[in-house]
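Test case, fold it:
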Amino acid sequence: MFFSIIIPVYNRPGELRELLDSLTKQTYTQFEVLVIEDGSVEKADGVVAEFADRLRIRYFFKPNSGQGFTRNYGFERAEGDYFVIFDSDALVPPNYFAVVNQRLTSQWLDAYGGPDAAHPDFTPVQKAISYSMTSPFTTGGIRGSKKNLGGTYHPRSFNMGLSRKVWERIGGYKLSRMGEDIEFAIRIIKNGFSTGLIPDAFIYHKRRTNFGQFFRQLRFFGRARINISRYYPNELKLVHTFPALFTLFVVSVPIWALVSPVLGWLSLSVLAIFSLVVLIDAIRKERNLTVGLLSVAAAFVQLTGYGVGFLSEGWKRLREPAGFKETGASIEYPS
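Alright, predicted model coming up:
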């Protein structure tokens, strides 16, 4: 199997260097790397040149059009049998492609996804954010399970692969942001292709480095879920409303306290129990009290960020005329 690795980049040359360095350590080396610079001001051509003697790598610069269309640009120029997509803030373990190749050889998947994890060198905040994005006590638990809640497994573009046949039949991304990876996965499945999770094909995903950035990213994700419902109304499940309900509950706590001290105490008790459960689980997984405490904060940031985005975009959708579609064209990546 010969893989084509597609990496869209937007103003992140430092992160790209770390990703490319991790690719030089792969035990399975039958792959090429396509770096697609999406109209960046901080260009990464110099970083790519550093790896020209260690990787089969090509660099392209194009006007900014967003992540989805930038991946399409890479698909059009890829030479591999199978395309693999990484975000530029990823680190890839040395056995990643050996694991994927073995799985596709023994049990074929037209498209796959892999989970993400926290690298030992990540900061405590990054580890807390990683916990929140993979925890069963937040929406993160959906990402690393074999099936999405309520349906077939939908790969996500931070760590995703698809066969050339998939690309040739369905033509890649139709959106460039606002849930482009979810829409793409839905279309792959609706066209009869097989999808699945490869649990051992994980990457280390740096994500955001502070809670402000994390909140903005999750707010964007919440908006994206509503945007997908414009195209596929049946894909909006009850589980997707959980962060919005959580957010409304958090906001309502002071109101309950004003109505009745008992109701105020009960509502605070619910949040305290939730926090304690997250704390215990995070400490159990991370073996670190600081990361555990930060994970509680990360869980609240994740759920409320997603909830705010979901509610704001949901309200916008309710006011739209019938048949309205949000194209999701982007001039920059979500921060």
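
residue ranges with poor pLDDT in this structure?
Along the chain, the model assigns pLDDT under 70 to residues 140-151, 207-208, 322-335.

how does it look with 50?
142-150, 328-335 (pLDDT under 50).

Show me how the record splits it into domains.
Here the domain parsing of the chain from automatic domain parsing is 3-209, 226-318.

Just give the nearest non-adjacent residue to Asp45, would you?
Tyr59 (5.5 Å; C-beta to C-beta, 6 or more residues apart in numbering). For the C-beta atoms, the positions are set from N, CA and C on the backbone; glycine is no exception.

Partner strands of the helix or strand where that neighbour lies, with direction?
If you go by DSSP states H and E, Tyr59 is part of strand 57-62. Strand 57-62 has the following strand partners under DSSP bridges: strand 31-38 (parallel).

For the strand it pairs with, C-alpha coordinates in CSV please.
This file holds the C-alpha atoms of strand 31-38, laid out as CSV (Å, rounded to 0.1, in the frame of the first residue of the first chain):
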residue,chain,number,x,y,z
PHE,A,31,4.3,7.1,1.6
GLU,A,32,4.5,10.6,0.2
VAL,A,33,3.8,13.9,1.9
LEU,A,34,1.9,16.8,0.4
VAL,A,35,2.0,20.0,2.3
ILE,A,36,-0.7,22.5,1.1
GLU,A,37,-0.1,26.0,2.3
ASP,A,38,-3.5,27.7,2.4
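
ok, residues contacting that strand?
The contact list for strand 31-38, computed with C-beta atoms under 8 Å, 6 or more residues apart in numbering, reads 2-10, 16, 20, 23, 43-45, 48, 51, 55-62, 64-67, 70-71, 73-74, 77-80, 84, 97, 333.

What subset of those residues is buried?
3-10, 16, 20, 23, 44, 48, 51, 55-60, 64-67, 70-71, 73-74, 78, 80, 84, 97, 333 (16 or more other C-beta atoms under 10 Å).

who are the neighbours in contact with Gly74?
Shown in contact with Gly74 (C-beta under 8 Å, 6+ apart): 4, 6-8, 34, 36, 60, 83.

go with 7 Å
Taking C-beta atoms under 7 Å, 6 or more residues apart in numbering as the criterion, Gly74 is in contact with 6, 34, 36.

show me the contacts for the residue positioned nearest the centre of the chain.
Nearest to the geometric centre of the chain sits Phe158, at 5.0 Å (C-alpha atoms, centre = their mean). By C-beta under 7 Å, 6+ apart, the contact list for Phe158 reads 87, 90, 116, 205.

Which residue ranges of this structure form strands?
All strands of the chain, identified by DSSP state E, fall at 3-9, 31-38, 57-62, 82-86, 90-91, 111-113, 116-117, 159-163, 195-197, 203-205.
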